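1. requesting a structural model of the entry that follows:
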Amino acid sequence: MHQLDNLVIVFSKNPLYALIVTDASIRNNMATSVAHIYICDRPVVKILHYTVNVTSTEAKLFIIRCDINQAANSQGILKIIIITDSIHLAKRIFDFLPHPFQVHATSILSELRKFFILNLNNCCGNYYTSV
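-> Numbering: from 1, shown residues only. Coordinates of the predicted model:
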């Protein structure tokens, strides 16, 4: 938790960084995906999605894609930091072997590609928490 606190303090002070905290859960066959996007000196953006008949993995991948899209389209952002509790999920995004969620991973990589093309200095990082 100490590392996470330090990470948030350091990155939240830089107007060139977008800090994203994301989570998803399923109850009664309804997936709820929530993300908070923080960029220094700007209002916090909260993205909330509901859907039915999907797995929590699909819901989490979808919200990560939406978050990257939202942050990448914010003017002047050079670095996107995603904080998630799903290390196995984030690894799936960069897994080029066939897997059931490859369509979602391809969409996320497409969003990242657009972000990287905007500026060669752009980067994206994942940080994992088990909170």
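2. now do the contacts for the closest residue to I77 other than its chain neighbours.
-> The shortest distance from I77 to any non-neighbouring residue, by C-beta to C-beta, 6 or more residues apart in numbering, is to A18 (4.9 Å). All C-beta atoms are positioned from the backbone trio N, CA, C, and that covers glycine. A18 makes contact with 37-39, 71, 74, 77, 79-81, according to C-beta atoms under 8 Å, 6 or more residues apart in numbering.
3. can you put the residues you listed in a markdown table and add pLDDT?
-> As requested, the contacts of A18 are exported to a markdown table (pLDDT from 0 to 100):
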| residue | pLDDT |
| --- | --- |
| I37 | 87 |
| Y38 | 88 |
| I39 | 88 |
| A71 | 83 |
| S74 | 83 |
| I77 | 86 |
| K79 | 86 |
| I80 | 85 |
| I81 | 84 |
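4. narrow those to those in strands?
-> 37-39, 79-81 (DSSP state E).
5. for PyMOL, write the select line for the buried members of these.
-> In PyMOL, this line selects whichever of these come out buried by 16 or more other C-beta atoms under 10 Å:
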select buried, resi 37+38+39+79+80+81
